[in-house]
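Enquirer: generate a structure from the sequence data that follows.
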Amino acid sequence: MGRKFTIYGVLILFFVSLLSGCTTIPEEHKGAATGAGIGAATGAVAGAVLGKDTQSAVLGALAGALVGGAIGHYAYDQEKSREQTQQTYSYKPDYGTVLTLEDVSSVPKNVAPGQTVELKMTYAILNPSANVQTSITESRMITYNGTIVGNPEVRVTRADGTYSSSVPLRLPTDAAKGIYVVKSEIRSDNAKDSREFTFKVI
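Expert: Reported below is the predicted structural model:
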């Protein structure tokens, strides 16, 4: 399908207990996103609203070895139409909702402090009925030496098809060297799937 939607935004960096706090930024705060609560003692998350048809935003936090880094421009492509995806999976309506994470990766695999690594995923969504819109959460939980250091999430609404998406992570200039594990997960009300990959800070 080939159309790419690139969203420009920022992520406010802060410590949250277990990185579990998330906030949705209203549409009127898209772009730089200066929603209520930013700067409060408990912190708040800002991101780029993904379009006029959604109230979703890039959410999450960076901590520990990633403090001082930033989340860049979220982007996605629709790789296959509903019909093409149905053919790929030999899909039949009695399969119900299918949500499959096909591929996850980092580009590049090895990255230096201060540089950017793209956290990528490709997934398919199918429903028995055409013209269904599915609410999906894309999450990328990043751990270093067994500790969570980042958890950017994107909440989107997708028609049936196959999609690729990317969340760029700019590392702090003093990022700790070593292996970072990223657990990528997609989930809807009816299904979920997850995979892991790694990147190395050299």
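
Enquirer: okay, now Thr143: neighbour count?
Expert: Using other Cβ atoms under 10 Å, the number of residues around Thr143 comes to 19. Yep, even glycine has a C-beta here, placed from its N, CA and C like the rest.

Enquirer: quick check, it in a helix?
Expert: No. Using DSSP: H, G, I helix; E, B strand; the rest coil, the assignment for Thr143 is strand, not a helix.

Enquirer: what is the end-to-end distance of stretch 112-119?
Expert: Terminal residues of stretch 112-119 are spaced 15 Å apart (Cα to Cα, to the nearest Å).

Enquirer: what pLDDT, on average, does that stretch get?
Expert: For stretch 112-119, the mean pLDDT works out to 95.

Enquirer: let's see the host helix or strand of Ile136 as CSV, backbone CA atoms only.
Expert: For Ile136, the host element (DSSP states H and E) is strand 133-144. Written as CSV, here are the backbone C-alpha positions of strand 133-144 (Å, rounded to 0.1, in the frame of the first residue of the first chain):
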residue,chain,number,x,y,z
GLN,A,133,-11.7,-1.1,13.1
THR,A,134,-9.6,-2.7,15.9
SER,A,135,-8.1,-0.8,18.8
ILE,A,136,-4.5,-2.1,19.2
THR,A,137,-1.8,-1.2,21.7
GLU,A,138,1.8,-1.6,20.4
SER,A,139,4.3,-1.8,23.3
ARG,A,140,8.1,-2.2,23.4
MET,A,141,9.4,-3.0,26.9
ILE,A,142,13.1,-2.4,27.1
THR,A,143,15.2,-4.1,29.7
TYR,A,144,18.9,-3.8,30.6
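
Enquirer: in the protein, which segments are predicted with low confidence?
Expert: 1-58 (pLDDT under 70).

Enquirer: those strands in it, which residues are they?
Expert: 4-7, 58-59, 70-71, 74-80, 98-107, 110-111, 116-126, 133-144, 147-150, 153-159, 161-170, 178-187, 192-201 (DSSP state E).

Enquirer: any idea which of these is most buried?
Expert: Highest mean neighbour count among the strands of the chain (mean count of other Cβ atoms under 10 Å): strand 58-59, with a mean of 24.

Enquirer: beta-bridge partners for the closest residue to Ser164 other than its chain neighbours, please?
Expert: Distances taken as Cβ to Cβ, 6 or more residues apart in numbering put Thr122 closest to Ser164, at 4.4 Å, once the chain neighbours are dropped. Per DSSP bridges, the residues bridged to Thr122 are Asp103, Ser164.
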